[in-house]
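Asker: Structure for the following, please:
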Amino acid sequence: MGYTLQVMPESPQPHRIEQAAKLLSKGQVAAVSTDTGFSLVCRLDDKEALDKIRLIRQLSEKKH
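Answerer: Predicted structure coming up:
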């Protein structure tokens, strides 16, 4: 299931940051807007979420 959370840099709402942190702690993968596009992010210690990113990006397991 997908979620859309908008966090405005001028006035970030703590409850939205908390929502994002809870989703990441449950193994979700997030797409975060950057200056040049989007980055996929997850908890670094979550192997299943890292595998999801590898699958989405079509990367081998050897790629960090």
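
Asker: Just the helices from the protein, written as ranges.
Answerer: All helices of the chain, identified by DSSP state H, fall at 14-25, 47-57.

Asker: quick one: contacts for residue 43?
Answerer: Contact partners of residue 43, counting by CB atoms under 8 Å, 6 or more residues apart in numbering, are 24, 25, 27, 49. Glycine gets a C-beta too; all of them are placed from N, C-alpha and C.

Asker: So for residue 51, what's the pLDDT?
Answerer: Per-residue confidence at residue 51 stands at 91 (pLDDT).

Asker: partner strands of the lowest-mean-pLDDT helix or strand in the chain, parallel or antiparallel?
Answerer: Lowest by mean pLDDT, DSSP states H and E among the helices and strands of the chain is strand 30-33, with a mean of 89. Sheet pairing for strand 30-33, assigned by DSSP bridges, gives strand 38-41 (antiparallel).

Asker: How far away from the center of its chain is the partner strand?
Answerer: 6 Å (CA atoms, centre = their mean, to the nearest Å).

Asker: what mean pLDDT does it have?
Answerer: The predicted model gives strand 38-41 an average pLDDT of 92.

Asker: Can you tell me what sits against it?
Answerer: Residues outside strand 38-41 that contact it (CB under 8 Å, 6+ apart): 24, 29, 30, 31, 32, 53, 56, 57.

Asker: For the fifth one, list each beta-bridge partner.
Answerer: So the one you mean is residue 32. Taking DSSP bridges as the rule, residue 32 bridges to residue 39.

Asker: picking up where we left off before, redo the helices of the chain as JSON lines? Include mean neighbour count and distance to residue 41.
Answerer: Shown next, in JSON lines, are the helices of the chain (neighbours: other CB atoms under 10 Å; distance: least, CB to CB, whole Å):
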{"stretch": "helix 14-25", "mean neighbour count": "12", "distance to residue 41": "7"}
{"stretch": "helix 47-57", "mean neighbour count": "14", "distance to residue 41": "8"}
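
Asker: doesn't residue 54 make contact with residue 61?
Answerer: Yes. Between residue 61 and residue 54 there is a contact at 6.7 Å, judged by CB atoms under 8 Å.
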